[in-house]
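Colleague: Need a 3D model of the following:
(chains A and B)
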Amino acid sequence: GDSVTQTEGPVTVSESESLIINCTYSATSIAYPNLFWYVRYPGEGLQLLLKVITAGQKGSSRGFEATYNKETTSFHLQKASVQESDSAVYYCALGDAGAKLTFGGGTRLTVRP
Amino acid sequence: DMKVTQMPRYLIKRMGENVLLECGQDMSHETMYWYRQDPGLGLQLIYISYDVDSNSEGDIPKGYRVSRKKREHFSLILDSAKTNQTSVYFCASSPGHNSDYTFGSGTRLLVI
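Modeller: Below is the predicted model:
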């Protein structure tokens, strides 16, 4: 079946440092999956951070970026300079041909002021 | 304001009791979902509903059933709750295939 593996947390970085959260996927039933990053802030539901539906393309939002790499089956999330408000749980996900999303285990990020 | 609302936010039940988790959305989305989230396991799909009375099992349907009698409401039922069903349950909706999901804030269920 399809699966997503991402950096195990928790991850702690200091404000203004750079960040990378790794995500790799295995899409056995889908030739061209859509790839997503969701974020969950404390006390809230998951929110879509960014998505990319075409291999080779980059998505960006709120200073975060991720590039869909079909060769390495990766979709790493990066930010050049994190802020304390970025503290949250981040989930990588892939979408199949239907309506289903397959999620990674989530990465808890804490940004120290 | 487009949103998915889950009730209750927190729930404590004894083993063997029945549990009803409610979810509503105000966007007329066709598709709705129930996921559970456990530490380190990400979100696991329990059921998908493609519209009223059109429900399909997800990856972990055992021990759960669902009901969707109106497009805006999707219920998750646990008949005779078990301790291993302690989890955080998320409801979501989307307007169609491969669309951006809108998630609720979750229901934290503790079965003792």
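Colleague: For chain A, which element, helix or strand, carries the lowest mean pLDDT?
Modeller: Across the helices and strands of chain A, mean pLDDT, DSSP states H and E gives its lowest value to strand A:101-103, namely a mean of 90.
Colleague: burial count for A:Leu49?
Modeller: 21 (other C-beta atoms under 10 Å in any protein chain shown). For glycine as for every other residue, the C-beta is placed from the backbone atoms N, C-alpha and C.
Colleague: close enough to count as contact, it and A:Phe64?
Modeller: Yes - here A:Leu49 reaches A:Phe64: they are 6.1 Å apart, a contact under C-beta atoms under 8 Å.
Colleague: Need the residues touching each of these two.
Modeller: Here A:Leu49 and A:Phe64 share the contacting residues A:Trp37, A:Leu77, scored by C-beta atoms under 8 Å, 6 or more residues apart in numbering or on different chains.
Colleague: need the next SSE after the least confident helix or strand of chain A, C-terminal direction.
Modeller: The helix or strand immediately downstream of strand A:101-103 is strand A:107-112, counting by DSSP states H and E.
Colleague: for the residue nearest the centre of chain B, what are its contacts?
Modeller: Centroid-nearest residue in chain B: B:Trp34, 3.0 Å away (criterion: C-alpha atoms, centre = their mean). Shown in contact with B:Trp34 (C-beta under 8 Å, 6+ apart): B:21, B:23, B:45-47, B:58, B:64, B:66, B:74, B:76, B:89-91.
Colleague: next one: B:Gln37
Modeller: Per C-beta under 8 Å, 6+ apart, neighbours of B:Gln37: A:Gly106, B:Leu43, B:Gln44, B:Ser87, B:Val88, B:Tyr89, B:Phe90, B:Gly106.
Colleague: Is it possible to mark the buried ones in those?
Modeller: A:Gly106, B:Leu43, B:Gln44, B:Ser87, B:Tyr89, B:Phe90, B:Gly106 (16 or more other C-beta atoms under 10 Å in any protein chain shown).
Colleague: that's a helix at B:Asn84, yeah?
Modeller: Yes - assessed with DSSP: H, G, I helix; E, B strand; the rest coil, B:Asn84 lies in a helix.
Colleague: What distance do you get for it to chain A?
Modeller: From B:Asn84 across to chain A, the span is 18 Å (C-beta to the nearest C-beta, to the nearest Å).
Colleague: just to revisit the earlier point, taking the buried ones among the contacts of B:Gln37 one by one, which sit in strands?
Modeller: Per DSSP state E, strands hold the following members of those: B:Leu43, B:Gln44, B:Ser87, B:Tyr89, B:Phe90.
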